[in-house]
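>>> Following is a predicted model, sequence given first.
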Amino acid sequence: MAMELISIKSPHEIELMRRAGRITAQARALAGSLVRPGVSTLEIDEAVRKFIEGQGAKPSFLGYGGFPGSACISVNEVVIHGIPSRKIVLKEGDIVSVDVGAYIGGFHGDCAATFPCGTISPEAQRLIDVTQQSFWKGIQLAKAGNRVYDISHAVQKYVEENGYSVVRDFVGHGVGRNLHEAPEVPNFGPAGHGPRLQPGMTIAVEPMVCAGDWRVRVLKDKWTTVSADGSLTAHYENTILITDGEPEVLTDPGE
């Protein structure tokens, strides 16, 4: 298989990605504010679509590979790719992962987070916190000259030290003119491997974490991906820019 080239963004392209990232982050924050008991995942999805389109952008996920929603909304044991539905009504104690993308000016933003529905258990809150923190542990290594798997290893180490596991079947990825670009950014693996990070690279780092075993299965709808053992799961993602210094979060998580 030919190696896919990693795209290095120009200053102008980075500006366009900042704009796409800002809209994406705002859509994620909006979705999180709507997570409460009695709300259906379709209601959240419709609000996300209306917001993104109101900003002059397009939802990156709508129709992507045939996906029917504008956001992936995944509840409890659903890790990723939950299809929004009026039949899925949130209840107290659920944890809800929302993954969104926005496309504007020729570029995509991509981000996700897991939100509590009402009052949740301390165990569920800890899972959310560890998942989010593992992202920040990972991007401490997201510096020019390091390698992709330095990020991967840092995420895995932190997650496993806290008694959880990282999903192996799905990984982070480059983002830009396409929603998924080279390189792949796994949440596991040996440090010191993978492509070297260079200024101008834009990647989505997205820990997907299971409270139990890391194995997952995809349901008959060919999208919804659940933990094989039914354990709780959480997801956190931002699109980041590799710079000459510290990485810049393009989907600024100012929630």
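Nice, thanks for sending it over.
>>> pretty sure residue 91 contacts residue 37?
Yes: between residue 91 and residue 37 there is a contact at 5.4 Å, judged by C-beta atoms under 8 Å. For glycine as for every other residue, the C-beta is placed from the backbone atoms N, C-alpha and C.
>>> Please point out which parts of stretch 184-196 sit buried.
For stretch 184-196, the neighbour count (16 or more other C-beta atoms under 10 Å) marks 184, 185, 186, 187, 188, 189, 191, 194, 195 as buried.
>>> now these in JSON lines, with distance to residue 154, secondary structure and pLDDT?
Formatted as JSON lines, the buried residues of stretch 184-196 follow (distance: C-beta to C-beta, whole Å; DSSP: H, G, I helix; E, B strand; the rest coil; pLDDT from 0 to 100):
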{"residue": "184", "distance to residue 154": "16", "secondary structure": "strand", "pLDDT": "97"}
{"residue": "185", "distance to residue 154": "12", "secondary structure": "strand", "pLDDT": "98"}
{"residue": "186", "distance to residue 154": "12", "secondary structure": "coil", "pLDDT": "98"}
{"residue": "187", "distance to residue 154": "10", "secondary structure": "coil", "pLDDT": "98"}
{"residue": "188", "distance to residue 154": "11", "secondary structure": "coil", "pLDDT": "98"}
{"residue": "189", "distance to residue 154": "10", "secondary structure": "coil", "pLDDT": "98"}
{"residue": "191", "distance to residue 154": "8", "secondary structure": "coil", "pLDDT": "98"}
{"residue": "194", "distance to residue 154": "13", "secondary structure": "coil", "pLDDT": "97"}
{"residue": "195", "distance to residue 154": "16", "secondary structure": "coil", "pLDDT": "97"}
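>>> Looking at those residues, which is nearest residue 55?
Using C-beta to C-beta, residue 185 comes nearest to residue 55 of the buried residues of stretch 184-196, at 26.6 Å.
>>> residues contacting that closest one?
Shown in contact with residue 185 (C-beta atoms under 8 Å, 6 or more residues apart in numbering): 148, 151, 152, 171, 172, 173, 174, 203, 204, 205, 206.
>>> 7 Å instead, please
Contacts for residue 185 (C-beta atoms under 7 Å, 6 or more residues apart in numbering) come out as 148, 151, 152, 171, 172, 173, 203, 204, 205.
>>> just residue 19 next, same as before
Applying C-beta under 7 Å, 6+ apart, the residues contacting residue 19 are 104, 105.
>>> and after the lengthiest helix in the chain, which helix or strand comes next?
Longest helix of the chain, by residue count under DSSP state H: helix 11-34. The first helix or strand that comes after helix 11-34 along the chain, using DSSP states H and E, is helix 41-54.
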